[in-house]
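Colleague: Predicted model follows, preceded by the sequence.
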Amino acid sequence: MIRVGVLGARGRMGAEVCRAVEAADGLELVAAIDQGDALDELTKAGAEVAVDFTHPDVVMDNLRFLVENGVHAVVGTTGFDASRLETVRSWQAATPGAKVLIAPNFGIGAVLMMNFAAKAAPFFESVEIVELHHPNKADAPSGTARRTAELVAAARAEAGAGASPDATSQEIPGARGADVEGVRVHAVRLSGLIAHQEVLLGGHGETFTIRHDSMNRESFMPGVVLGVRRVADLPGPLTVGIESLLGL
Ligand SMILES: NC(=O)C1=CN([C@@H]2O[C@H](COP(=O)(O)OP(=O)(O)OC[C@H]3O[C@@H](n4cnc5c(N)ncnc54)[C@H](OP(=O)(O)O)[C@@H]3O)[C@@H](O)[C@H]2O)C=CC1
Ligand SMILES: O=C(O)C1=N[C@H](C(=O)O)C[C@H](O)C1
């Protein structure tokens, strides 16, 4: 049995993760921690793996505690940029042992969407990303959209593709969305939605749209459970995304 603790256990994702861990063979939920609870409840309960779905403002403190206490971490909380990842690596170098898996999206379809978008991006002169979420989401753009933009930008750079053409002057700032590594990202917040993304690609007389929809938060659970089962055996101290766990 893998002993699992959940951080953000009363939240939308954390509550779903608690149910998924309790239902999964070989996993045991030993700690369910939320705002106001002491982190050392995790270590007192003997958690071997902690799953974090909290908030971008608190996740770094949580991760530091986990690394320093040798607890493997599976992190779904968003807000990770290159500088945060470097900080995590420095903690792991100082206190080796705990493996960390950080994934902006645990949905299998979402991972495939990002992968397909990166593959397609060099073949089209234009690419833009539209992410659509529930209005209670804390951050914008979504972690998934940021990661997609990074992957798309890297694939285009490697292929020698130029910038997407755009002759527009913005009459109102923000009208053309955010610029993430040269890729325009637009964030919609709409009641009734959960988590959705379209990658729009345009070329000569044709467009190609890759769309993924999470209809509920159960959609993320196969990826989270896979991460919990595999995190301790990951090759490096820090892994970003579950692509490698899926053989992509
Ligand atoms: N990687 C993925 O596949 C997915 C990632 N996410 C990401 O997960 C994160 C959480 O999303 P969601 O569940 O919707 O958010 P919620 O606000 O519903 O849940 C977050 C929970 O964490 C609690 N919390 C806040 N601070 C702490 C702390 N220091 N220690 C423990 N718990 C704390 C909150 O308490 P309180 O409300 O009292 O502040 C709340 O209960 C976001 O960053 C989101 O983008 C979401 C879906 C999928
Ligand atoms: O907050 C959410 O809901 C989600 N957050 C993640 C993100 O920011 O990409 C994953 C998914 O989109 C749902």
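Modeller: Perfect, I can see it now. Ligands and ions are numbered 1, 2, ... in the order given.

Colleague: And what about residue 85, helix, strand or coil?
Modeller: Per DSSP: H, G, I helix; E, B strand; the rest coil, the local secondary structure of residue 85 is helix.

Colleague: helices or strands up against the helix ranked longest in the chain?
Modeller: The single longest helix within the chain, with elements called by DSSP state H, is helix 143-159. Applying 3 or more CB pairs under 8 Å, 6 or more residues apart in numbering; DSSP states H and E, we find helix 143-159 packed against helix 108-120, strand 126-133, strand 178-180, strand 183-189, strand 195-202. Any C-beta I mention is one placed from the backbone N, CA and C, and that applies to glycine too.

Colleague: if we go to 6 Å?
Modeller: Secondary-structure packing of helix 143-159 (3 or more CB pairs under 6 Å, 6 or more residues apart in numbering; DSSP states H and E): helix 108-120, strand 126-133, strand 183-189.

Colleague: For the protein, which residue occupies the most central location?
Modeller: residue 104 (0.4 Å; CA atoms, centre = their mean).

Colleague: For it, which non-adjacent residue is closest in space?
Modeller: residue 143 (3.3 Å; CB to CB, 6 or more residues apart in numbering).

Colleague: Per-residue pLDDT of the one you found, please?
Modeller: With respect to pLDDT, residue 143 scores 98.

Colleague: can you check the one 4 residues further on too?
Modeller: Here, the pLDDT recorded for residue 147 equals 97.

Colleague: Excluding residues flanking it in the chain, which one is nearest it?
Modeller: Here the nearest residue to residue 147 in space, its sequence neighbours aside, is residue 104; by CB to CB, 6+ apart that works out to 4.6 Å.

Colleague: Repeat that for residue 227.
Modeller: Distances taken as CB to CB, 6+ apart put residue 74 closest to residue 227, at 4.3 Å, once the chain neighbours are dropped.

Colleague: host element of that neighbour?
Modeller: strand 72-75 (DSSP states H and E).

Colleague: who does that strand pair up with?
Modeller: Strand pairing for strand 72-75, using DSSP bridges, gives strand 49-52 (parallel), strand 100-102 (parallel).

Colleague: any idea how far the residue sitting furthest away from the middle of the chain lies from ligand 2?
Modeller: Distance from the centre of the chain peaks at residue 205, with 33.5 Å (CA atoms, centre = their mean). For residue 205, the distance to ligand 2 (CB to the nearest ligand atom, to the nearest Å) stands at 32 Å.

Colleague: Fine by me, we can end here.
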